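Got a sequence here, can you model it:
(one chain, ligands or ions: 2)
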Amino acid sequence: MRARLGLAPGVMDPHVPGVMRESPRSQNDLATRAGLPEALQVLVRQYPRDIWQSHRNFDALTRFWLERHLMFRQLLDRLRGETETLLDGNAEARGVGARTSRLTGFLLGELHGHHQIEDVHYFPVLARLEPRLAAGFELLDSDHHALDGHLHDLADSTNDLLRAIVDGQQAPARDAAGALQARLAGFEGFLDRHLIDEEELVIPTILHHAPRF
Ligand SMILES: [Fe+2]
Ligand SMILES: [Fe+2]
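Ligands and ions are numbered 1, 2, ... in the order given. Here you go, the predicted structure:
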């Protein structure tokens, strides 16, 4: 991990190896799908969200994993709040820059690590246990590649803002804050779609098979 542009020490490059996968715009595409395809809802119909926490196979690791998802959502909320205060003219720009740099660096690093452990450790085990949902775990892996591209864009927009703040330019800083705000809103939509669908594949599989990781 390294800072980009040399201007934003807290902002990290997601540094995703390889090339982004292109996927057809379809019901499987993170940017366009409205939920899991019908065939991949087979277990979540049996284990709906409202029974998860009371099920005997809902363990501490599962709770921790869901809390990570909540943390990602909260980090995005905080980042949106920071850029909003700048756009409203209610905050000192360098303070916003420092907090935005720190929060974005943390979000990018944590998300990258989270995706890696899911792809390498959790998804292969779950796909073997539940072959009916194997295509779903491949879908989630593809989502991670798509999200990597959005993380790069988010890092770029954040660094544009930080550079304008460091340069002390008010109008460019406002423009960059507006662009970052739009980028955050788009990213939030993609991430939310991914997290919901992932939870609806992973948790029912865990409840059904009670794997030991
Ligand atoms: Fe994921
Ligand atoms: Fe996840």
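
Extract the residue ranges of the protein that are flagged as low pLDDT.
Applying pLDDT under 70 to the chain flags the ranges 1-26.

again, 90 this time
In the predicted model, the chain carries pLDDT under 90 at residues 1-28, 31-32, 89-91, 168-171, 212-213.

What residues does this structure have near ligand 1?
Listed as neighbours of ligand 1 in the chain under the rule C-beta under 5 Å from the ion: 118, 198. All C-beta atoms are positioned from the backbone trio N, CA, C, and that covers glycine.

how about the strands in the chain?
With strands called from DSSP state E, the chain shows none.

Can you name the residues that contact residue 53?
The contact partners of residue 53, by C-beta atoms under 8 Å, 6 or more residues apart in numbering, come to residue 63.

And it, how far from residue 195?
17 Å (C-beta to C-beta, to the nearest Å).

What of residue 35?
Distance of residue 35 to residue 195, computed by C-beta to C-beta: 12 Å.

the more surrounded of those two?
Ranked by neighbour count (other C-beta atoms under 10 Å), residue 35 and residue 195 place residue 195 first, with 17 against 13.

wait, the more buried one sits on residue 69?
Yes. In this structure, residue 195 is within contact of residue 69 by C-beta atoms under 8 Å, at 4.8 Å.

Isn't residue 172 up against residue 162?
No. Residue 172 lies out of contact with residue 162 (C-beta under 8 Å); the separation is 11.5 Å.

Other residues contacting stretch 72-92?
Applying C-beta under 8 Å, 6+ apart, the external contacts of stretch 72-92 come out as 93, 96, 99-100, 103-104, 106-107, 110-111, 114, 161, 173-174, 177-178, 180-181, 184-185, 187-188, 191-192, 195.

same thing but at 10 Å, please
When contacts are defined by C-beta atoms under 10 Å, 6 or more residues apart in numbering, stretch 72-92 is touched by residues 93, 95-100, 103-104, 106-108, 110-111, 114, 154, 157-158, 161, 165, 170, 173-174, 176-185, 187-188, 191-192, 194-195.

Likewise for stretch 163-176?
So stretch 163-176 is contacted by 5-8, 83, 86-87, 89, 92-98, 100-101, 157-162, 177 (C-beta under 10 Å, 6+ apart).

what comes up buried for the helix ranked longest in the chain?
In the chain, with assignment by DSSP state H, the single longest helix is helix 170-209. Using 16 or more other C-beta atoms under 10 Å as the test for burial, helix 170-209 gives 173-174, 176-177, 180-181, 183-184, 187-188, 190-191, 193-195, 197-208.

residues in contact with the closest residue to residue 213 other than its chain neighbours?
Among residues not flanking residue 213 along the chain, residue 61 sits closest, at 6.4 Å (C-beta to C-beta, 6 or more residues apart in numbering). Applying C-beta under 10 Å, 6+ apart to residue 61 gives the contacts 122, 206, 211-213.

Most neighbours among the residues you listed, please name it.
Per-residue neighbour counts (other C-beta under 10 Å) across the contacts of residue 61 peak at residue 206, which has 25 neighbours.

Hmm, residue 44 and it touching each other?
No. In this structure residue 206 lies outside contact range of residue 44 using C-beta atoms under 10 Å: 11.9 Å.

Determine the residues that are contacts of both of those two.
Both residue 206 and residue 44 are in contact with residue 52, where contact means C-beta under 10 Å, 6+ apart.
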